[in-house]
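Asker: Need coordinates for the below:
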Amino acid sequence: MTLEIGTTASRTKTITEQDIEYFARASGDTNPVHLDDAYAARTIFKRRIAHGMLTAGLISAVLANDLPGPGTIYLSQTLQFKAPVYPGDEITATVELTAYRPDKRIATFRTVCTNQDDRIVLEGEAVVIAPKTAQ
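Answerer: Below is the predicted model:
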């Protein structure tokens, strides 16, 4: 695969109640805003929300599987959480190559997650080491 500035890749996933519960168990983040309907109803969100890092994990899936693909190594990721993600939301994670240093295989990507209404819920920048198969 050739890494060209402007190349994009995306993945879409519906965030389920089970995803949220599994993420809480795996991460240890049992904040009741994610798990307790009565508690979440009293927050600014008015209902339970998905973990921000669960949503961010969708970016990792695109980088690892699609662009640049298997063998990718994360170096850094910035994140700005723009809107809540609720159970049942369909989230599309998109990465766009914005810079590439072929001598070091260092790739920089704009990262964005949007919901089913095309609202940005998360954005940031990822820096990775691309696999040797990506040039």
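
Asker: Against which helices or strands is the host helix or strand of A93 packed?
Answerer: A93 belongs to strand 90-101 when assigned by DSSP states H and E. Judged by 3 or more CB pairs under 8 Å, 6 or more residues apart in numbering; DSSP states H and E, strand 90-101 is in contact with strand 8-14, helix 52-65, strand 106-114, strand 120-129. C-beta here means a position set from N, CA and C on the backbone, and glycine is covered the same way.

Asker: quick one, which of the ones you listed is nearest to T2?
Answerer: Taking CB to CB, strand 106-114 is the member of the helices and strands packed on strand 90-101 nearest to T2, at 11.9 Å.

Asker: Name the strands paired with that closest one and say parallel or antiparallel.
Answerer: Next to strand 106-114 in the sheet, as set by DSSP bridges, lie strand 90-101 (antiparallel), strand 120-129 (antiparallel).

Asker: so which of those gets nearest G52?
Answerer: Closest to G52 of those is strand 120-129 (CB to CB; 7.0 Å).

Asker: So what touches the closest one?
Answerer: 52, 55-56, 59, 63, 68, 72-85, 89, 91, 95, 98, 104-115 (CB atoms under 8 Å, 6 or more residues apart in numbering).

Asker: can I get the helices and strands packed on strand 90-101 in TSV with distance to R25, mean neighbour count and mean pLDDT?
Answerer: Putting the helices and strands packed on strand 90-101 into TSV (distance: least, CB to CB, whole Å; neighbours: other CB atoms under 10 Å; pLDDT from 0 to 100) gives the following:
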stretch	distance to R25	mean neighbour count	mean pLDDT
strand 8-14	18	15	98
helix 52-65	12	19	97
strand 106-114	22	21	98
strand 120-129	22	18	98
